[in-house]
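Chemist: This is a predicted model, with the sequence first.
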Amino acid sequence: MPSADRRSRRDVLRAAIGAATACASLPSGALGGGPRNAERCRAVVRRCLENVLRYGTDRYGPRHTPMFMSVIDVRTNDAPREPELLEAMVRTEERPGRRNPGGCDLWDDMPLLRTLFAFTRLTGERRWARAAEASIGAHLAFPPTEHGLIPWGSHLYIDATTEQIADDRHGRVHEILIHLPLWDRLWAIDREATRREIEGIWRWHICDKTTGQHNRHDDGQPGCDFAFSGGSFVVAFAFLHQKTREPVWLERAKLVTDWHWRHRNPETGLTVDAPSTGDRYDAHHFFTTISGPHCAQLLRAYELTCEPFFRGVAVTYLEAYLRYGWDEEAGRFRAGLRTDGTPVPEQAKGPGYDAWFPTGHIDLWPTTMYSYEFALATAQSYLVAWELTKRPALLDGARKWVRNLRAEMPPDIGRRWRKEATALLPAGAPRGAYADGYGRAISFLVGLHRATGEADHLRLAEELADEAMEKLVENGWVKGHPAKPTFEATDGVGTLLYALLELSALPRRLPPNL
(Lines give C-alpha, C1' and ligand atoms only; values in the text may rest on other atoms or scores of the structure.)
Protein backbone atom coordinates (compact mmCIF):
# COMPACT_ATOMS: atom_id res chain seq x y z
CA MET A 1 0.00 0.00 0.00
CA PRO A 2 1.34 3.50 -0.78
CA SER A 3 2.99 5.42 2.00
CA ALA A 4 0.38 7.46 3.82
CA ASP A 5 2.43 10.51 4.71
CA ARG A 6 0.55 12.44 7.33
CA ARG A 7 0.84 15.95 6.13
CA SER A 8 -1.34 18.58 7.69
CA ARG A 9 -4.67 19.35 6.10
CA ARG A 10 -3.36 22.77 5.14
CA ASP A 11 -0.40 21.26 3.29
CA VAL A 12 -2.61 18.79 1.46
CA LEU A 13 -5.01 21.47 0.33
CA ARG A 14 -2.11 23.66 -0.72
CA ALA A 15 -0.82 20.85 -2.93
CA ALA A 16 -4.28 20.31 -4.39
CA ILE A 17 -4.88 23.92 -5.37
CA GLY A 18 -1.35 25.24 -5.70
CA ALA A 19 -1.26 25.20 -9.46
CA ALA A 20 -4.70 26.77 -9.63
CA THR A 21 -3.92 29.67 -7.32
CA ALA A 22 -0.51 30.27 -8.86
CA CYS A 23 -1.87 30.51 -12.38
CA ALA A 24 -5.06 32.32 -11.43
CA SER A 25 -2.98 35.10 -9.90
CA LEU A 26 -0.67 35.55 -12.87
CA PRO A 27 -0.99 38.90 -14.61
CA SER A 28 -2.28 38.84 -18.18
CA GLY A 29 0.51 37.86 -20.52
CA ALA A 30 2.58 36.04 -17.88
CA LEU A 31 2.34 32.90 -19.99
CA GLY A 32 3.35 34.65 -23.17
CA GLY A 33 0.02 36.32 -23.91
CA GLY A 34 -3.49 34.97 -24.33
CA PRO A 35 -4.57 32.66 -27.14
CA ARG A 36 -4.89 34.34 -30.52
CA ASN A 37 -8.34 32.75 -31.03
CA ALA A 38 -9.68 33.43 -27.53
CA GLU A 39 -12.51 35.70 -28.70
CA ARG A 40 -13.64 33.22 -31.34
CA CYS A 41 -13.62 30.36 -28.82
CA ARG A 42 -15.72 32.36 -26.37
CA ALA A 43 -18.15 33.40 -29.12
CA VAL A 44 -18.64 29.81 -30.30
CA VAL A 45 -19.37 28.67 -26.75
CA ARG A 46 -21.81 31.52 -26.14
CA ARG A 47 -23.75 30.89 -29.35
CA CYS A 48 -23.99 27.16 -28.73
CA LEU A 49 -25.13 27.64 -25.14
CA GLU A 50 -27.73 30.14 -26.31
CA ASN A 51 -29.05 27.46 -28.67
CA VAL A 52 -29.08 24.92 -25.85
CA LEU A 53 -31.16 27.21 -23.66
CA ARG A 54 -33.50 28.18 -26.51
CA TYR A 55 -33.95 24.89 -28.35
CA GLY A 56 -32.19 22.18 -26.37
CA THR A 57 -34.48 21.62 -23.41
CA ASP A 58 -37.32 19.12 -23.13
CA ARG A 59 -40.10 20.66 -25.26
CA TYR A 60 -41.69 17.27 -25.95
CA GLY A 61 -44.52 15.25 -24.48
CA PRO A 62 -47.38 16.58 -22.34
CA ARG A 63 -45.10 18.24 -19.78
CA HIS A 64 -42.13 20.39 -20.73
CA THR A 65 -39.10 20.45 -18.40
CA PRO A 66 -35.75 22.26 -18.18
CA MET A 67 -33.85 18.99 -18.77
CA PHE A 68 -31.42 19.04 -21.70
CA MET A 69 -32.01 16.81 -24.70
CA SER A 70 -29.09 14.53 -25.54
CA VAL A 71 -29.37 14.63 -29.36
CA ILE A 72 -30.31 17.75 -31.34
CA ASP A 73 -30.48 17.96 -35.14
CA VAL A 74 -28.57 21.18 -35.84
CA ARG A 75 -30.45 21.70 -39.12
CA THR A 76 -33.89 21.83 -37.51
CA ASN A 77 -33.14 22.66 -33.84
CA ASP A 78 -35.30 19.68 -32.86
CA ALA A 79 -34.56 16.51 -30.90
CA PRO A 80 -35.58 13.50 -33.02
CA ARG A 81 -36.81 10.37 -31.27
CA GLU A 82 -35.03 8.34 -33.93
CA PRO A 83 -31.92 10.25 -35.05
CA GLU A 84 -30.05 9.00 -38.09
CA LEU A 85 -27.94 6.01 -37.17
CA LEU A 86 -24.96 6.74 -39.40
CA GLU A 87 -21.98 5.19 -37.57
CA ALA A 88 -23.85 4.75 -34.27
CA MET A 89 -23.82 0.95 -34.37
CA VAL A 90 -20.02 1.10 -34.20
CA ARG A 91 -19.69 4.04 -31.83
CA THR A 92 -22.18 2.62 -29.31
CA GLU A 93 -20.91 -0.97 -29.60
CA GLU A 94 -24.21 -1.96 -31.26
CA ARG A 95 -26.38 -0.25 -28.62
CA PRO A 96 -27.62 2.99 -30.24
CA GLY A 97 -29.90 3.56 -27.25
CA ARG A 98 -26.76 4.73 -25.46
CA ARG A 99 -27.18 8.01 -27.35
CA ASN A 100 -30.37 8.67 -25.30
CA PRO A 101 -32.46 9.27 -28.46
CA GLY A 102 -35.42 11.51 -27.81
CA GLY A 103 -34.40 11.79 -24.20
CA CYS A 104 -32.34 13.32 -21.41
CA ASP A 105 -29.52 11.88 -19.30
CA LEU A 106 -28.15 13.83 -16.34
CA TRP A 107 -24.99 11.69 -16.24
CA ASP A 108 -24.06 12.41 -19.85
CA ASP A 109 -24.86 16.10 -19.27
CA MET A 110 -22.04 16.52 -16.74
CA PRO A 111 -19.56 18.17 -19.18
CA LEU A 112 -22.29 20.52 -20.45
CA LEU A 113 -23.33 21.43 -16.91
CA ARG A 114 -19.70 22.08 -16.00
CA THR A 115 -19.50 24.43 -18.99
CA LEU A 116 -22.62 26.32 -18.01
CA PHE A 117 -21.38 26.88 -14.47
CA ALA A 118 -17.95 27.92 -15.75
CA PHE A 119 -19.48 30.37 -18.21
CA THR A 120 -21.35 32.06 -15.37
CA ARG A 121 -18.08 32.35 -13.42
CA LEU A 122 -16.29 33.84 -16.42
CA THR A 123 -19.03 36.24 -17.52
CA GLY A 124 -20.91 37.01 -14.32
CA GLU A 125 -24.18 36.17 -16.12
CA ARG A 126 -26.35 34.02 -13.87
CA ARG A 127 -28.66 32.67 -16.58
CA TRP A 128 -26.23 29.91 -17.56
CA ALA A 129 -25.94 28.58 -14.01
CA ARG A 130 -29.70 28.95 -13.49
CA ALA A 131 -30.36 26.76 -16.53
CA ALA A 132 -27.94 24.14 -15.22
CA GLU A 133 -29.51 24.20 -11.76
CA ALA A 134 -33.01 23.91 -13.21
CA SER A 135 -32.04 20.87 -15.26
CA ILE A 136 -30.38 19.16 -12.28
CA GLY A 137 -33.42 19.89 -10.12
CA ALA A 138 -35.81 18.42 -12.66
CA HIS A 139 -33.76 15.23 -12.93
CA LEU A 140 -33.50 14.80 -9.16
CA ALA A 141 -37.27 15.34 -8.81
CA PHE A 142 -37.99 12.60 -11.37
CA PRO A 143 -39.14 9.29 -9.80
CA PRO A 144 -36.12 7.06 -9.14
CA THR A 145 -35.63 3.48 -10.28
CA GLU A 146 -37.02 0.55 -8.31
CA HIS A 147 -33.73 0.55 -6.37
CA GLY A 148 -34.14 4.21 -5.48
CA LEU A 149 -31.40 5.30 -7.89
CA ILE A 150 -31.29 8.20 -10.34
CA PRO A 151 -32.27 7.07 -13.87
CA TRP A 152 -29.01 8.10 -15.49
CA GLY A 153 -25.76 6.62 -16.78
CA SER A 154 -24.74 4.51 -19.74
CA HIS A 155 -27.94 2.42 -19.92
CA LEU A 156 -30.79 4.58 -18.56
CA TYR A 157 -32.29 7.91 -19.57
CA ILE A 158 -35.61 9.75 -19.48
CA ASP A 159 -37.78 9.61 -22.61
CA ALA A 160 -39.01 13.17 -23.04
CA THR A 161 -42.13 12.18 -24.97
CA THR A 162 -43.42 9.38 -22.74
CA GLU A 163 -41.96 10.89 -19.54
CA GLN A 164 -40.86 7.40 -18.51
CA ILE A 165 -37.50 5.82 -17.78
CA ALA A 166 -36.05 4.38 -20.97
CA ASP A 167 -33.05 2.16 -21.56
CA ASP A 168 -30.64 1.10 -24.30
CA ARG A 169 -32.35 -2.30 -24.64
CA HIS A 170 -29.84 -3.78 -22.23
CA GLY A 171 -32.49 -3.67 -19.51
CA ARG A 172 -33.31 -1.16 -16.78
CA VAL A 173 -29.78 -1.20 -15.45
CA HIS A 174 -28.11 1.54 -13.43
CA GLU A 175 -24.48 2.02 -14.49
CA ILE A 176 -22.29 5.09 -13.94
CA LEU A 177 -18.77 5.41 -15.25
CA ILE A 178 -16.00 7.66 -16.60
CA HIS A 179 -17.35 11.13 -15.75
CA LEU A 180 -16.52 13.05 -12.57
CA PRO A 181 -20.04 14.21 -11.67
CA LEU A 182 -20.82 17.52 -10.03
CA TRP A 183 -21.87 15.92 -6.76
CA ASP A 184 -21.60 19.23 -4.93
CA ARG A 185 -24.14 20.84 -7.27
CA LEU A 186 -26.54 17.93 -6.87
CA TRP A 187 -26.15 18.10 -3.09
CA ALA A 188 -26.90 21.83 -3.03
CA ILE A 189 -30.10 21.33 -5.03
CA ASP A 190 -31.48 18.14 -3.46
CA ARG A 191 -29.53 16.71 -0.54
CA GLU A 192 -32.00 13.89 0.11
CA ALA A 193 -31.99 12.57 -3.48
CA THR A 194 -28.21 12.82 -3.70
CA ARG A 195 -27.67 10.91 -0.47
CA ARG A 196 -30.22 8.28 -1.54
CA GLU A 197 -28.26 7.74 -4.76
CA ILE A 198 -24.93 7.27 -2.99
CA GLU A 199 -26.40 5.00 -0.33
CA GLY A 200 -28.02 3.01 -3.13
CA ILE A 201 -24.67 2.61 -4.86
CA TRP A 202 -23.27 1.02 -1.72
CA ARG A 203 -26.27 -1.28 -1.36
CA TRP A 204 -26.69 -2.40 -4.96
CA HIS A 205 -23.29 -2.06 -6.67
CA ILE A 206 -20.90 -3.25 -3.96
CA CYS A 207 -21.61 -6.95 -4.07
CA ASP A 208 -19.10 -7.97 -1.39
CA LYS A 209 -19.11 -5.60 1.57
CA THR A 210 -15.94 -7.15 3.05
CA THR A 211 -13.61 -7.12 0.01
CA GLY A 212 -14.98 -4.17 -1.92
CA GLN A 213 -15.79 -6.27 -4.98
CA HIS A 214 -18.23 -4.31 -7.08
CA ASN A 215 -20.40 -4.67 -10.15
CA ARG A 216 -20.96 -2.04 -12.81
CA HIS A 217 -24.68 -3.01 -12.67
CA ASP A 218 -27.03 -2.63 -9.71
CA ASP A 219 -28.23 -6.20 -9.31
CA GLY A 220 -26.34 -6.79 -6.07
CA GLN A 221 -24.54 -9.76 -7.60
CA PRO A 222 -20.95 -10.26 -8.82
CA GLY A 223 -20.46 -8.98 -12.35
CA CYS A 224 -18.10 -6.87 -14.41
CA ASP A 225 -15.97 -4.93 -11.93
CA PHE A 226 -14.59 -2.43 -14.41
CA ALA A 227 -12.06 0.09 -13.15
CA PHE A 228 -13.91 3.08 -14.56
CA SER A 229 -17.18 2.21 -12.80
CA GLY A 230 -15.47 1.25 -9.54
CA GLY A 231 -13.77 4.64 -9.51
CA SER A 232 -17.16 6.31 -9.87
CA PHE A 233 -18.28 4.57 -6.69
CA VAL A 234 -15.10 5.67 -4.91
CA VAL A 235 -15.73 9.31 -5.77
CA ALA A 236 -19.36 9.10 -4.63
CA PHE A 237 -18.36 7.69 -1.25
CA ALA A 238 -15.51 10.18 -0.87
CA PHE A 239 -17.92 13.01 -1.57
CA LEU A 240 -20.43 11.83 1.01
CA HIS A 241 -17.63 11.57 3.56
CA GLN A 242 -16.63 15.15 2.80
CA LYS A 243 -20.19 16.37 3.30
CA THR A 244 -21.15 14.34 6.36
CA ARG A 245 -17.79 13.58 8.01
CA GLU A 246 -19.15 10.10 8.67
CA PRO A 247 -16.06 7.85 8.83
CA VAL A 248 -17.86 4.91 7.24
CA TRP A 249 -17.91 6.59 3.83
CA LEU A 250 -14.16 7.12 3.82
CA GLU A 251 -13.73 3.47 4.81
CA ARG A 252 -16.00 2.41 1.95
CA ALA A 253 -14.15 4.56 -0.57
CA LYS A 254 -10.87 2.96 0.51
CA LEU A 255 -12.38 -0.51 0.44
CA VAL A 256 -13.54 -0.19 -3.17
CA THR A 257 -10.21 1.34 -4.21
CA ASP A 258 -8.45 -1.60 -2.58
CA TRP A 259 -10.34 -4.09 -4.77
CA HIS A 260 -8.22 -3.23 -7.82
CA TRP A 261 -5.16 -2.38 -5.72
CA ARG A 262 -5.00 -5.86 -4.20
CA HIS A 263 -5.06 -7.38 -7.71
CA ARG A 264 -1.95 -5.51 -8.84
CA ASN A 265 1.39 -7.12 -9.59
CA PRO A 266 3.47 -5.90 -6.61
CA GLU A 267 6.66 -5.91 -8.68
CA THR A 268 5.39 -3.77 -11.55
CA GLY A 269 2.54 -1.81 -9.92
CA LEU A 270 0.22 -2.75 -12.82
CA THR A 271 -3.29 -3.97 -12.03
CA VAL A 272 -6.06 -5.47 -14.16
CA ASP A 273 -9.17 -3.75 -15.47
CA ALA A 274 -11.84 -6.22 -14.28
CA PRO A 275 -10.48 -8.81 -11.82
CA SER A 276 -13.63 -10.97 -11.62
CA THR A 277 -14.24 -11.67 -15.33
CA GLY A 278 -12.42 -15.00 -15.24
CA ASP A 279 -10.71 -16.06 -18.46
CA ARG A 280 -11.63 -12.87 -20.30
CA TYR A 281 -8.73 -10.61 -21.28
CA ASP A 282 -9.80 -7.72 -19.03
CA ALA A 283 -9.13 -9.91 -15.99
CA HIS A 284 -5.48 -10.23 -17.01
CA HIS A 285 -4.46 -6.91 -18.57
CA PHE A 286 -3.82 -3.29 -17.70
CA PHE A 287 -5.54 -0.80 -20.02
CA THR A 288 -5.90 2.97 -20.10
CA THR A 289 -9.27 2.54 -18.40
CA ILE A 290 -7.06 2.46 -15.30
CA SER A 291 -4.54 5.20 -16.07
CA GLY A 292 -7.30 7.40 -17.48
CA PRO A 293 -10.74 7.45 -15.81
CA HIS A 294 -9.81 5.32 -12.77
CA CYS A 295 -6.77 7.42 -11.85
CA ALA A 296 -8.71 10.64 -12.42
CA GLN A 297 -11.40 9.33 -10.07
CA LEU A 298 -8.84 8.39 -7.40
CA LEU A 299 -7.20 11.80 -7.64
CA ARG A 300 -10.59 13.42 -7.21
CA ALA A 301 -11.22 11.24 -4.13
CA TYR A 302 -7.90 12.50 -2.75
CA GLU A 303 -8.93 16.12 -3.29
CA LEU A 304 -12.26 15.46 -1.54
CA THR A 305 -10.83 13.64 1.47
CA CYS A 306 -7.17 14.75 1.75
CA GLU A 307 -6.42 11.04 2.22
CA PRO A 308 -2.99 10.22 0.67
CA PHE A 309 -3.96 6.59 0.00
CA PHE A 310 -6.00 7.56 -3.07
CA ARG A 311 -3.25 9.74 -4.49
CA GLY A 312 -0.62 7.09 -3.82
CA VAL A 313 -2.55 4.37 -5.65
CA ALA A 314 -3.12 6.64 -8.67
CA VAL A 315 0.54 7.69 -8.83
CA THR A 316 1.66 4.05 -8.63
CA TYR A 317 -0.52 3.11 -11.61
CA LEU A 318 0.54 6.15 -13.65
CA GLU A 319 4.25 5.67 -13.06
CA ALA A 320 3.95 1.92 -13.77
CA TYR A 321 2.22 2.62 -17.10
CA LEU A 322 4.89 5.16 -18.01
CA ARG A 323 7.60 2.61 -17.21
CA TYR A 324 6.11 -0.30 -19.16
CA GLY A 325 3.66 1.27 -21.59
CA TRP A 326 5.83 3.86 -23.33
CA ASP A 327 7.48 2.78 -26.60
CA GLU A 328 10.35 5.22 -27.06
CA GLU A 329 11.22 4.05 -30.55
CA ALA A 330 7.67 4.49 -31.83
CA GLY A 331 6.95 7.62 -29.78
CA ARG A 332 3.64 6.07 -28.71
CA PHE A 333 2.07 4.38 -25.71
CA ARG A 334 0.94 0.79 -25.84
CA ALA A 335 -2.76 -0.06 -25.59
CA GLY A 336 -2.55 -3.09 -23.31
CA LEU A 337 -0.06 -4.70 -20.94
CA ARG A 338 0.04 -7.92 -18.99
CA THR A 339 0.62 -7.17 -15.34
CA ASP A 340 4.24 -8.31 -15.62
CA GLY A 341 4.78 -5.40 -18.03
CA THR A 342 4.69 -7.43 -21.26
CA PRO A 343 2.99 -5.43 -24.03
CA VAL A 344 0.19 -6.91 -26.14
CA PRO A 345 1.40 -6.97 -29.77
CA GLU A 346 -0.74 -5.66 -32.60
CA GLN A 347 -3.19 -8.29 -33.81
CA ALA A 348 -6.37 -8.57 -35.85
CA LYS A 349 -9.70 -8.13 -34.08
CA GLY A 350 -10.95 -11.37 -32.61
CA PRO A 351 -14.49 -12.81 -32.69
CA GLY A 352 -17.27 -11.73 -30.35
CA TYR A 353 -16.20 -9.75 -27.32
CA ASP A 354 -12.55 -10.19 -28.31
CA ALA A 355 -13.15 -7.55 -30.98
CA TRP A 356 -12.82 -4.90 -28.25
CA PHE A 357 -9.42 -6.15 -27.00
CA PRO A 358 -6.97 -3.23 -27.50
CA THR A 359 -3.67 -4.40 -28.97
CA GLY A 360 -0.54 -2.73 -30.32
CA HIS A 361 -0.18 0.99 -29.77
CA ILE A 362 -2.91 3.14 -28.27
CA ASP A 363 -5.75 4.43 -30.46
CA LEU A 364 -5.53 8.13 -29.59
CA TRP A 365 -8.86 9.18 -31.18
CA PRO A 366 -11.05 6.19 -30.31
CA THR A 367 -14.27 5.58 -32.22
CA THR A 368 -16.25 3.79 -29.53
CA MET A 369 -17.84 5.58 -26.58
CA TYR A 370 -16.56 3.14 -23.96
CA SER A 371 -14.47 0.02 -24.65
CA TYR A 372 -10.94 0.01 -23.16
CA GLU A 373 -8.99 2.94 -24.63
CA PHE A 374 -8.79 6.32 -22.88
CA ALA A 375 -5.59 7.84 -24.19
CA LEU A 376 -6.37 11.52 -23.74
CA ALA A 377 -8.03 11.00 -20.35
CA THR A 378 -4.76 9.32 -19.34
CA ALA A 379 -2.78 12.33 -20.56
CA GLN A 380 -5.04 14.57 -18.46
CA SER A 381 -4.55 12.33 -15.43
CA TYR A 382 -0.76 12.63 -15.66
CA LEU A 383 -1.09 16.38 -15.59
CA VAL A 384 -3.52 16.44 -12.65
CA ALA A 385 -1.29 14.03 -10.72
CA TRP A 386 1.73 16.23 -11.38
CA GLU A 387 -0.14 19.31 -10.14
CA LEU A 388 -0.95 17.44 -6.91
CA THR A 389 2.52 15.98 -6.32
CA LYS A 390 5.12 17.82 -8.46
CA ARG A 391 6.74 14.45 -9.15
CA PRO A 392 9.01 14.90 -12.21
CA ALA A 393 8.12 11.49 -13.67
CA LEU A 394 4.50 12.55 -14.02
CA LEU A 395 5.36 15.70 -15.94
CA ASP A 396 7.66 13.56 -18.10
CA GLY A 397 4.67 11.31 -18.77
CA ALA A 398 2.58 14.31 -19.82
CA ARG A 399 5.29 15.43 -22.23
CA LYS A 400 5.40 11.95 -23.76
CA TRP A 401 1.68 12.19 -24.43
CA VAL A 402 2.35 15.31 -26.50
CA ARG A 403 4.73 13.26 -28.64
CA ASN A 404 2.06 10.59 -29.04
CA LEU A 405 -0.51 13.25 -29.91
CA ARG A 406 1.68 14.79 -32.59
CA ALA A 407 2.31 11.34 -34.07
CA GLU A 408 -1.48 10.89 -34.49
CA MET A 409 -2.25 14.14 -36.30
CA PRO A 410 -4.48 15.10 -38.00
CA PRO A 411 -7.43 14.09 -35.81
CA ASP A 412 -9.63 11.41 -37.34
CA ILE A 413 -11.92 8.54 -36.45
CA GLY A 414 -9.76 6.09 -34.53
CA ARG A 415 -7.85 3.61 -36.65
CA ARG A 416 -9.18 0.52 -34.85
CA TRP A 417 -12.74 0.99 -36.11
CA ARG A 418 -12.20 3.53 -38.87
CA LYS A 419 -13.07 1.22 -41.75
CA GLU A 420 -16.31 0.04 -40.19
CA ALA A 421 -17.42 3.51 -39.04
CA THR A 422 -16.61 5.40 -42.25
CA ALA A 423 -18.42 2.76 -44.31
CA LEU A 424 -21.62 3.85 -42.53
CA LEU A 425 -21.13 7.56 -43.21
CA PRO A 426 -22.13 9.31 -46.46
CA ALA A 427 -19.61 9.09 -49.28
CA GLY A 428 -17.18 12.00 -49.14
CA ALA A 429 -18.24 12.94 -45.60
CA PRO A 430 -15.77 15.30 -43.89
CA ARG A 431 -13.04 13.70 -41.81
CA GLY A 432 -12.10 14.52 -38.25
CA ALA A 433 -12.34 13.38 -34.63
CA TYR A 434 -15.25 13.39 -32.22
CA ALA A 435 -15.85 16.48 -30.11
CA ASP A 436 -14.67 14.61 -27.02
CA GLY A 437 -11.26 13.96 -28.60
CA TYR A 438 -10.76 17.57 -29.65
CA GLY A 439 -11.88 18.77 -26.23
CA ARG A 440 -9.65 16.52 -24.16
CA ALA A 441 -6.63 17.24 -26.35
CA ILE A 442 -7.16 21.01 -26.10
CA SER A 443 -7.67 20.87 -22.33
CA PHE A 444 -4.56 18.75 -21.87
CA LEU A 445 -2.42 21.09 -23.97
CA VAL A 446 -3.75 24.18 -22.21
CA GLY A 447 -2.88 22.60 -18.87
CA LEU A 448 0.59 21.59 -20.00
CA HIS A 449 1.23 25.09 -21.34
CA ARG A 450 0.16 26.50 -17.99
CA ALA A 451 2.44 24.04 -16.17
CA THR A 452 5.53 24.59 -18.31
CA GLY A 453 5.10 27.99 -19.96
CA GLU A 454 6.11 26.36 -23.28
CA ALA A 455 4.49 28.11 -26.23
CA ASP A 456 4.41 25.02 -28.48
CA HIS A 457 1.67 23.48 -26.36
CA LEU A 458 -0.46 26.60 -26.64
CA ARG A 459 0.05 26.77 -30.40
CA LEU A 460 -1.08 23.18 -30.85
CA ALA A 461 -4.12 23.80 -28.64
CA GLU A 462 -5.00 26.82 -30.79
CA GLU A 463 -4.63 24.78 -33.97
CA LEU A 464 -6.88 22.01 -32.66
CA ALA A 465 -9.45 24.56 -31.51
CA ASP A 466 -9.41 26.19 -34.96
CA GLU A 467 -9.95 22.82 -36.62
CA ALA A 468 -12.72 21.82 -34.24
CA MET A 469 -14.57 25.11 -34.74
CA GLU A 470 -14.11 24.93 -38.51
CA LYS A 471 -15.43 21.37 -38.78
CA LEU A 472 -18.02 21.15 -36.02
CA VAL A 473 -19.80 24.52 -35.84
CA GLU A 474 -23.05 24.63 -37.81
CA ASN A 475 -26.10 26.85 -37.38
CA GLY A 476 -24.71 28.10 -34.09
CA TRP A 477 -24.41 24.56 -32.69
CA VAL A 478 -21.33 22.45 -32.06
CA LYS A 479 -21.74 18.98 -33.57
CA GLY A 480 -20.43 15.71 -32.20
CA HIS A 481 -18.51 14.84 -35.38
CA PRO A 482 -17.85 16.63 -38.70
CA ALA A 483 -19.80 14.01 -40.67
CA LYS A 484 -22.90 14.14 -38.46
CA PRO A 485 -25.74 16.70 -38.31
CA THR A 486 -26.21 16.42 -34.57
CA PHE A 487 -25.23 18.00 -31.29
CA GLU A 488 -24.74 14.92 -29.11
CA ALA A 489 -23.99 14.66 -25.42
CA THR A 490 -22.34 11.26 -25.80
CA ASP A 491 -20.03 12.54 -28.55
CA GLY A 492 -18.52 14.88 -25.98
CA VAL A 493 -19.81 18.25 -27.16
CA GLY A 494 -19.84 19.49 -23.57
CA THR A 495 -16.21 18.45 -23.16
CA LEU A 496 -15.22 20.47 -26.22
CA LEU A 497 -17.21 23.53 -25.14
CA TYR A 498 -15.47 23.47 -21.77
CA ALA A 499 -12.07 23.11 -23.46
CA LEU A 500 -12.75 26.16 -25.62
CA LEU A 501 -13.58 28.08 -22.44
CA GLU A 502 -10.34 26.88 -20.83
CA LEU A 503 -8.36 28.08 -23.82
CA SER A 504 -10.14 31.44 -23.97
CA ALA A 505 -9.69 31.98 -20.21
CA LEU A 506 -5.88 31.73 -20.17
CA PRO A 507 -3.99 32.54 -18.01
CA ARG A 508 -6.89 31.93 -15.62
CA ARG A 509 -7.24 28.27 -14.61
CA LEU A 510 -10.54 26.40 -14.68
CA PRO A 511 -11.02 23.06 -12.86
CA PRO A 512 -9.88 19.98 -14.84
CA ASN A 513 -11.99 18.93 -17.81
CA LEU A 514 -12.63 15.40 -16.54
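Modeler: Okay, I see it.

Chemist: Wasn't Ile158 part of a helix?
Modeler: No. Secondary structure assignment (DSSP: H, G, I helix; E, B strand; the rest coil) places Ile158 in strand, not in a helix.

Chemist: Give me the neighbour count for the closest residue to it other than its chain neighbours.
Modeler: Nearest residue to Ile158 in three dimensions, chain neighbours excluded: Cys104, at 4.9 Å (C-beta to C-beta, 6 or more residues apart in numbering). Heads up, the C-betas are built off the backbone N, CA and C, glycines and all. Here the number of neighbours of Cys104 (other C-beta atoms under 10 Å) works out to 30.

Chemist: Spit out the contact partners of Cys104.
Modeler: Cys104 makes contacts with Asp58, Thr65, Met67, Phe68, Met69, Ser70, Ser135, His139, Tyr157, Ile158, Ala160, as judged by C-beta atoms under 8 Å, 6 or more residues apart in numbering.

Chemist: so of the residues you listed, which ones are in helices?
Modeler: Ser135, His139 (DSSP state H).

Chemist: For Lys243, state which of the contacts of Cys104 is nearest.
Modeler: Lys243 has its nearest neighbour among the contacts of Cys104 in His139, at 19.2 Å by C-beta to C-beta.

Chemist: Next, find the distance separating the closest one from His205.
Modeler: 19 Å (C-beta to C-beta, to the nearest Å).

Chemist: does Ala301 belong to a helix or a strand, and which?
Modeler: Per DSSP states H and E, Ala301 falls inside helix 295-305.

Chemist: residue boundaries of the strands in this protein?
Modeler: Shown for the chain, the strands assigned by DSSP state E span residues 57-58, 65-68, 71-73, 103-104, 156-159, 164-167, 285-287, 326-327, 332-333, 336-338, 473-474, 477-478, 486-488.

Chemist: Reformat those into JSON lines and put mean pLDDT and distance to Pro266 next to each item.
Modeler: As requested, the strands of the chain are exported to JSON lines (pLDDT from 0 to 100; distance: least, C-beta to C-beta, whole Å):
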{"stretch": "strand 57-58", "mean pLDDT": "98", "distance to Pro266": "51"}
{"stretch": "strand 65-68", "mean pLDDT": "98", "distance to Pro266": "45"}
{"stretch": "strand 71-73", "mean pLDDT": "98", "distance to Pro266": "46"}
{"stretch": "strand 103-104", "mean pLDDT": "98", "distance to Pro266": "45"}
{"stretch": "strand 156-159", "mean pLDDT": "98", "distance to Pro266": "38"}
{"stretch": "strand 164-167", "mean pLDDT": "96", "distance to Pro266": "41"}
{"stretch": "strand 285-287", "mean pLDDT": "98", "distance to Pro266": "14"}
{"stretch": "strand 326-327", "mean pLDDT": "98", "distance to Pro266": "21"}
{"stretch": "strand 332-333", "mean pLDDT": "98", "distance to Pro266": "23"}
{"stretch": "strand 336-338", "mean pLDDT": "98", "distance to Pro266": "15"}
{"stretch": "strand 473-474", "mean pLDDT": "98", "distance to Pro266": "50"}
{"stretch": "strand 477-478", "mean pLDDT": "98", "distance to Pro266": "46"}
{"stretch": "strand 486-488", "mean pLDDT": "98", "distance to Pro266": "42"}
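
Chemist: Would you tell me which of the ones you listed gets closest to Gln347?
Modeler: Between the strands of the chain, strand 336-338 lies closest to Gln347; by C-beta to C-beta that is 10.4 Å.

Chemist: by contact count, what packs against the helix holding Ala301?
Modeler: Packing contacts for helix 295-305, counted by 3 or more C-beta pairs under 8 Å, 6 or more residues apart in numbering; DSSP states H and E, involve helix 227-244, helix 247-261, helix 308-325, helix 375-389.

Chemist: Can you tell me which of the ones you listed is nearest to Gly124?
Modeler: helix 375-389 (26.8 Å).

Chemist: OK, contacts around Ser371?
Modeler: Glu93, Trp356, Pro358.
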